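S.K.: next one to model:
(one chain, ligands or ions: 2)
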Amino acid sequence: MAMKTVNQAETIALGRRLGEHLEKGMTIILRGELAAGKTTFTKGIGEALNIREVINSPTFTILKIYEGNLTLYHVDAYRLEGNSYDLGISEYEDDGITVIEWPEYYEEYLPEEYLEVNFTYIDDDSREIDFIPHGEKYMKIAEEMTC
Ligand code: ADP
Ligand code: MG
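M.R.: Residues are numbered from 1 along each chain as shown. Ligands and ions are numbered 1, 2, ... in the order given. Got it, this is the predicted structure:
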(Lines give C-alpha, C1' and ligand atoms only; values in the text may rest on other atoms or scores of the structure.)
(Ligands and ions follow the chains in the order given, each with its own letter.)
Protein backbone atom coordinates (compact mmCIF):
# COMPACT_ATOMS: atom_id res chain seq x y z
CA MET A 1 0.00 0.00 0.00
CA ALA A 2 1.17 3.51 -0.76
CA MET A 3 1.42 6.45 1.58
CA LYS A 4 0.94 10.02 0.45
CA THR A 5 2.61 13.10 1.89
CA VAL A 6 1.38 16.58 1.02
CA ASN A 7 4.40 18.60 2.12
CA GLN A 8 8.05 18.29 3.07
CA ALA A 9 7.31 18.10 6.81
CA GLU A 10 5.13 15.04 6.31
CA THR A 11 7.89 13.28 4.42
CA ILE A 12 10.32 14.06 7.25
CA ALA A 13 7.77 12.71 9.74
CA LEU A 14 7.38 9.51 7.73
CA GLY A 15 11.16 9.11 7.66
CA ARG A 16 11.23 9.61 11.41
CA ARG A 17 8.59 6.90 11.83
CA LEU A 18 10.69 4.49 9.80
CA GLY A 19 13.78 5.49 11.78
CA GLU A 20 12.05 4.50 15.00
CA HIS A 21 11.58 0.95 13.70
CA LEU A 22 15.09 0.47 12.35
CA GLU A 23 17.53 -1.93 13.89
CA LYS A 24 21.28 -2.05 13.63
CA GLY A 25 22.42 -3.66 10.39
CA MET A 26 19.43 -2.62 8.30
CA THR A 27 19.75 -1.21 4.77
CA ILE A 28 17.20 1.09 3.16
CA ILE A 29 17.30 1.95 -0.52
CA LEU A 30 15.49 5.06 -1.77
CA ARG A 31 14.29 5.12 -5.36
CA GLY A 32 12.86 8.13 -7.15
CA GLU A 33 13.73 10.92 -9.54
CA LEU A 34 15.55 14.13 -8.61
CA ALA A 35 13.59 16.12 -5.98
CA ALA A 36 11.31 13.16 -5.26
CA GLY A 37 12.08 13.52 -1.55
CA LYS A 38 14.80 10.94 -0.83
CA THR A 39 17.09 13.26 1.09
CA THR A 40 14.14 14.89 2.86
CA PHE A 41 13.04 11.44 4.05
CA THR A 42 16.59 10.67 5.20
CA LYS A 43 16.49 13.81 7.39
CA GLY A 44 13.57 12.19 9.23
CA ILE A 45 15.51 8.96 9.72
CA GLY A 46 18.30 11.11 11.16
CA GLU A 47 15.88 12.73 13.61
CA ALA A 48 14.81 9.33 14.89
CA LEU A 49 18.46 8.39 15.40
CA ASN A 50 19.11 11.67 17.28
CA ILE A 51 21.61 12.88 14.73
CA ARG A 52 22.35 16.57 15.37
CA GLU A 53 24.22 17.30 12.17
CA VAL A 54 22.21 18.52 9.18
CA ILE A 55 21.71 15.72 6.68
CA ASN A 56 22.06 16.85 3.09
CA SER A 57 23.43 15.59 -0.21
CA PRO A 58 26.48 17.59 -1.25
CA THR A 59 27.00 17.28 -4.98
CA PHE A 60 30.31 15.46 -4.94
CA THR A 61 30.04 13.45 -1.75
CA ILE A 62 29.04 9.85 -2.25
CA LEU A 63 29.19 8.60 1.33
CA LYS A 64 28.53 10.59 4.50
CA ILE A 65 28.69 9.13 7.98
CA TYR A 66 26.62 10.58 10.82
CA GLU A 67 26.77 9.61 14.48
CA GLY A 68 23.57 9.28 16.49
CA ASN A 69 22.02 6.52 18.60
CA LEU A 70 23.25 4.40 15.72
CA THR A 71 25.73 5.30 13.00
CA LEU A 72 24.04 6.37 9.77
CA TYR A 73 25.84 5.62 6.51
CA HIS A 74 24.21 7.85 3.91
CA VAL A 75 25.10 6.96 0.35
CA ASP A 76 24.17 9.13 -2.62
CA ALA A 77 25.30 7.07 -5.61
CA TYR A 78 24.16 9.61 -8.21
CA ARG A 79 27.73 10.62 -9.08
CA LEU A 80 28.76 7.01 -9.65
CA GLU A 81 26.46 6.99 -12.67
CA GLY A 82 27.40 3.95 -14.67
CA ASN A 83 30.81 3.50 -13.07
CA SER A 84 31.16 0.36 -11.09
CA TYR A 85 32.66 1.31 -7.75
CA ASP A 86 32.47 -0.67 -4.53
CA LEU A 87 32.04 1.60 -1.50
CA GLY A 88 32.63 -1.39 0.75
CA ILE A 89 29.16 -1.26 2.28
CA SER A 90 29.26 -4.94 3.13
CA GLU A 91 32.07 -4.20 5.58
CA TYR A 92 30.23 -1.64 7.69
CA GLU A 93 26.52 -2.15 7.16
CA ASP A 94 26.26 -4.51 10.13
CA ASP A 95 27.25 -1.84 12.64
CA GLY A 96 24.78 0.86 11.69
CA ILE A 97 21.97 1.90 9.37
CA THR A 98 22.74 2.27 5.66
CA VAL A 99 20.55 4.50 3.48
CA ILE A 100 21.22 4.51 -0.26
CA GLU A 101 19.93 7.13 -2.68
CA TRP A 102 20.19 6.26 -6.38
CA PRO A 103 20.59 2.49 -5.77
CA GLU A 104 20.23 1.99 -9.53
CA TYR A 105 23.82 3.27 -9.77
CA TYR A 106 24.98 0.85 -7.13
CA GLU A 107 22.91 -2.21 -7.98
CA GLU A 108 25.71 -4.76 -8.19
CA TYR A 109 26.91 -4.03 -4.64
CA LEU A 110 23.56 -3.95 -2.84
CA PRO A 111 23.09 -6.48 -0.05
CA GLU A 112 20.74 -9.39 -0.66
CA GLU A 113 18.14 -8.04 1.74
CA TYR A 114 16.95 -4.46 2.19
CA LEU A 115 13.88 -2.29 2.48
CA GLU A 116 13.04 -0.46 -0.73
CA VAL A 117 11.26 2.88 -0.53
CA ASN A 118 9.85 4.29 -3.75
CA PHE A 119 9.11 7.98 -4.15
CA THR A 120 6.76 9.21 -6.86
CA TYR A 121 6.36 12.88 -7.65
CA ILE A 122 2.64 13.74 -7.74
CA ASP A 123 2.81 17.54 -7.86
CA ASP A 124 4.94 20.35 -6.35
CA ASP A 125 3.94 19.47 -2.80
CA SER A 126 2.79 15.86 -2.89
CA ARG A 127 4.63 12.59 -3.11
CA GLU A 128 3.52 8.97 -3.10
CA ILE A 129 5.78 6.76 -0.99
CA ASP A 130 5.81 2.96 -1.16
CA PHE A 131 7.57 0.46 1.07
CA ILE A 132 8.68 -2.84 -0.47
CA PRO A 133 10.44 -5.41 1.70
CA HIS A 134 13.18 -7.56 0.21
CA GLY A 135 13.83 -10.23 2.78
CA GLU A 136 12.06 -11.57 5.85
CA LYS A 137 13.38 -9.06 8.37
CA TYR A 138 11.88 -6.12 6.49
CA MET A 139 8.35 -7.48 6.12
CA LYS A 140 7.00 -6.34 9.46
CA ILE A 141 8.53 -2.88 9.12
CA ALA A 142 7.02 -2.40 5.65
CA GLU A 143 3.63 -3.40 7.03
CA GLU A 144 3.93 -1.06 10.00
CA MET A 145 4.81 1.82 7.71
CA THR A 146 1.67 1.52 5.62
CA CYS A 147 -0.98 1.28 8.30
P1 ADP B 1 15.88 13.96 -3.66
O2 ADP B 1 16.86 13.61 -2.58
O3 ADP B 1 14.94 12.83 -3.99
O4 ADP B 1 16.54 14.49 -4.89
P5 ADP B 1 15.13 16.14 -1.94
O6 ADP B 1 14.56 15.55 -0.69
O7 ADP B 1 16.51 16.66 -1.90
O8 ADP B 1 14.92 15.10 -3.12
O9 ADP B 1 14.20 17.33 -2.42
C10 ADP B 1 12.82 17.30 -2.39
C11 ADP B 1 12.32 18.70 -2.74
O12 ADP B 1 10.91 18.69 -2.92
C13 ADP B 1 12.61 19.69 -1.63
O14 ADP B 1 12.92 20.93 -2.21
C15 ADP B 1 11.29 19.76 -0.88
O16 ADP B 1 11.08 20.99 -0.26
C17 ADP B 1 10.29 19.57 -2.00
N18 ADP B 1 9.03 18.93 -1.57
C19 ADP B 1 7.80 19.41 -1.80
N20 ADP B 1 6.86 18.60 -1.34
C21 ADP B 1 7.51 17.54 -0.77
C22 ADP B 1 7.06 16.36 -0.11
N23 ADP B 1 5.77 16.06 0.04
N24 ADP B 1 8.00 15.52 0.33
C25 ADP B 1 9.32 15.78 0.16
N26 ADP B 1 9.79 16.88 -0.46
C27 ADP B 1 8.90 17.77 -0.92
MG1 MG C 1 18.98 13.47 -2.62
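
S.K.: what helix or strand is whichever residue of the chain sits closest to ligand 2 located in?
M.R.: Proximity of the chain to ligand 2 (Cβ to the ion) peaks at Thr39, 3.4 Å away. From N, CA and C alone the C-beta is placed, and that goes for glycine too. Counting by DSSP states H and E, the element that carries Thr39 is helix 38-48.

S.K.: does that helix reach ligand 1?
M.R.: Yes - against ligand 1, helix 38-48 shows contacts by Cβ under 6 Å from any ligand atom at Lys38, Thr39, Thr40.

S.K.: most surrounded residue in those residues?
M.R.: Highest neighbour count within the residues of helix 38-48 next to ligand 1, by other Cβ atoms under 10 Å: Lys38, with 25 neighbours.

S.K.: does ligand 1 sit close to the longest helix along the chain?
M.R.: Scanning the chain for the helix with the most residues, using DSSP state H, yields helix 8-21. Yes - applying Cβ under 6 Å from any ligand atom, one finds that helix 8-21 is in contact with ligand 1 at Gln8, Glu10, Thr11.

S.K.: could you give the mean pLDDT of the following helix or strand past the helix holding Thr39?
M.R.: Heading C-terminal from helix 38-48, the first helix or strand you meet, by DSSP H and E, is strand 63-67. The average pLDDT within strand 63-67 is 95.

S.K.: elements contacting strand 63-67?
M.R.: Contact partners of strand 63-67 among helices and strands, from 3 or more Cβ pairs under 8 Å, 6 or more residues apart in numbering; DSSP states H and E: strand 71-76.
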